[in-house]
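*Asks:* sequence unavailable; structure follows:
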């Protein structure tokens with residue numbers, strides 16, 4: 001300390017009115033917005049052709065999913081969100097797909113059909129993260145019955 005200086009500590013601090021900043025709502029923990037679609041089809045095999053028609057169609061089967069998840073306010077914009085597939089404890093026919101992106105977004109999860117995925121780009125697989133939007137498209141493998 002030099003001559004004429006005094007300690008200026010916490011006793012001199014003045015309490016200010018709570019101020020709301022422009023980034024106050026932007027970085028609070030929240031779930032991301034999403035727009036998802038399920039792709040279903042009718043399977044017209046010989047049994048269904050015999051027992052069903054266009055007026056009374058057979059049950060629809062899930063062929064694939066399209067996920068659009070919006071992360072516009074990610075703190076770390078370089079690190080892309082990831083998804084993981086987890087077993088569903090209640091059923092062997094379904095599984096849980098979980099999306100994790102990091103702060104300020106919380107994880108979200110969806111229950112989907114538990115089938116083998118088709119990872120070929122020609123068969124519709126797409127996983128991209130551009131301009132804060134995660135796009136995940138996939139179809140399931142189709143096993144045709146042959147004698």
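*Replies:* Thanks, I have it. Nothing here was measured: the structure is a model prediction, and the numbers come from that model.
*Asks:* how much space between residue 45 and residue 142?
*Replies:* Distance of residue 45 to residue 142, computed by Cβ to Cβ, to the nearest Å: 11 Å. Every C-beta, even on glycine, is put in place using the N, C-alpha and C of the backbone.
*Asks:* check contacts around the closest residue to residue 77 other than its chain neighbours.
*Replies:* Sequence neighbours aside, residue 132 is the residue nearest to residue 77 in space, at 7.6 Å (criterion: Cβ to Cβ, 6 or more residues apart in numbering). Going by Cβ atoms under 8 Å, 6 or more residues apart in numbering, residue 132 touches 70-74, 77.
*Asks:* try 7 Å
*Replies:* 70-72, 74 (Cβ atoms under 7 Å, 6 or more residues apart in numbering).
*Asks:* can you check residue 70 too?
*Replies:* Neighbours of residue 70 in contact, by Cβ under 7 Å, 6+ apart: 32-34, 132-133.
*Asks:* which residues of the protein score low on pLDDT?
*Replies:* 1-25, 146-147 (pLDDT under 70).
*Asks:* all set, thanks.
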